[in-house]
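Undergrad: here's a sequence, model it:
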Amino acid sequence: MPAILETKVIQRSLALALHRLVVRYNFLNQYAMAHASRNLFLEGPAGRLEAVLWTPLSQQAVPVAAVLCHPHPLFGGTMHNKVVYQAAKSLDSLALPVLRFNFRGAGLSAGVHDRGIGELADVQTAIDYLAETFPGVPLLVGGFSFGAWVSLRVGCEDRRVKALLAMGTPVDNSDFSYLSGCAKPKLFVQGSRDEHGALKKLKDLIAGLPGENHLAVVEGAEHFFVGQLDRVDQAIIDWLAERFPHITGLRRG
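TA: Numbers count the residues shown, from 1 in each chain. Below you'll find the model as predicted:
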């Protein structure tokens, strides 16, 4: 690598690292990551959906609000999954409201699993609730594994949703062709050794998508990012800081 190019790469890496530290310092200093936590039930088409809403105690205007969806409920997935919880903490650290919920048949939610069909309506219920709670606020919708497959499909179609987040995208066994018509900004966080989503296959998918699409690869990580959740956090913070700089507080005062 030429010396000039190598220097620019190093400068870029240092700038991102500094940016991330400043983001965290600003919000830890101003808001101390304080939030109100509310356990509730959403009225879904198959019955009540168990949910948790974290709302920042800050009096600042809410710039973005998020819905996060959990992995496959037939394999133990709930809204308390470690990857989903980490993503929620990352968003919470930026003083953003975060809504997690259990799909039908999971946890205390009513109904039975519907192979990703009825779950689309569950995601829509969560989006509608968050949009009503924070009227006019842009929404970010995403999820982990099965939650990514379902949530992105709904998020692509809803005009209130302005950005999408997919973690552990299971491209090996799920059809993501619907993304070919979705130009909304997307962040994909993927382990390089994901056993349900081959990295090459995901890269091929992303290469054919319209709009702004960013892939953050966690080297050495498998599907559940065991021991590397801090890298998931880093990827989310970096992308949000670049995609929505107004949420970081860096331009205030």
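Undergrad: tally of neighbours for Ala131?
TA: 18 (other Cβ atoms under 10 Å). Heads up, the C-betas are built off the backbone N, CA and C, glycines and all.
Undergrad: I'd guessed it sits against Leu139; true?
TA: Yes. Applying Cβ atoms under 8 Å, one finds Ala131 in contact with Leu139, separated by 6.5 Å.
Undergrad: mind listing the shared neighbours of those two?
TA: Here Ala131 and Leu139 have Arg160 as joint contacts, going by Cβ atoms under 8 Å, 6 or more residues apart in numbering.
Undergrad: just for the stretch 151-253 of the chain, where's the confidence low?
TA: Under the criterion pLDDT under 70, the flagged ranges of the stretch 151-253 of the chain are 248-253.
Undergrad: could you pull out the strands for it?
TA: Ranges of strands in the stretch 151-253 of the chain, per DSSP state E, counting those that start in this stretch, are 161-167, 186-191, 213-218.
Undergrad: give me the angle between the longest one and strand 213-218.
TA: Angular relation of strand 161-167 and strand 213-218 on a 0 to 180 degree scale: 30 degrees, by axes from the mean of the first three to the mean of the last three Cα atoms, to 10 degrees.
Undergrad: name the residues that touch strand 161-167?
TA: Contact with strand 161-167 is made by 64, 66, 68, 83, 87, 127, 138-145, 148, 151-152, 154-156, 182, 184-190, 225, 232, 236, 243-244, as judged by Cβ under 8 Å, 6+ apart.
Undergrad: give me that answer again for 7 Å
TA: Strand 161-167 is contacted from outside by 83, 87, 127, 138-142, 144, 148, 152, 155, 184-189, 232, 243, using Cβ atoms under 7 Å, 6 or more residues apart in numbering.
Undergrad: helices of the chain, start to end?
TA: Using DSSP state H, the helices of the chain run over 3-30, 82-92, 118-133, 146-157, 199-207, 229-243.
Undergrad: check which residues of the second one are buried.
TA: Of the residues in helix 82-92, Val83, Val84, Tyr85, Gln86, Ala87, Ala88, Ser90, Leu91, Asp92 count as buried by neighbour count, 16 or more other Cβ atoms under 10 Å.
Undergrad: and if you look at the fifth one?
TA: When neighbours are counted by 16+ other Cβ under 10 Å, the buried residues of helix 199-207 are found to be Leu202, Leu205, Ile206.
Undergrad: got the CA coordinates for that helix in PDB?
TA: Taking C-alpha atoms only, helix 199-207 is exported to PDB below (Å, rounded to 0.1, in the frame of the first residue of the first chain):
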ATOM      1  CA  LEU A 199     -20.500 -13.300   4.000                       C
ATOM      2  CA  LYS A 200     -20.000 -13.600   0.300                       C
ATOM      3  CA  LYS A 201     -23.700 -14.300  -0.300                       C
ATOM      4  CA  LEU A 202     -24.500 -11.200   1.800                       C
ATOM      5  CA  LYS A 203     -22.000  -9.100  -0.100                       C
ATOM      6  CA  ASP A 204     -23.600 -10.200  -3.300                       C
ATOM      7  CA  LEU A 205     -27.000  -9.300  -2.100                       C
ATOM      8  CA  ILE A 206     -25.900  -5.800  -0.900                       C
ATOM      9  CA  ALA A 207     -24.100  -5.100  -4.200                       C
END
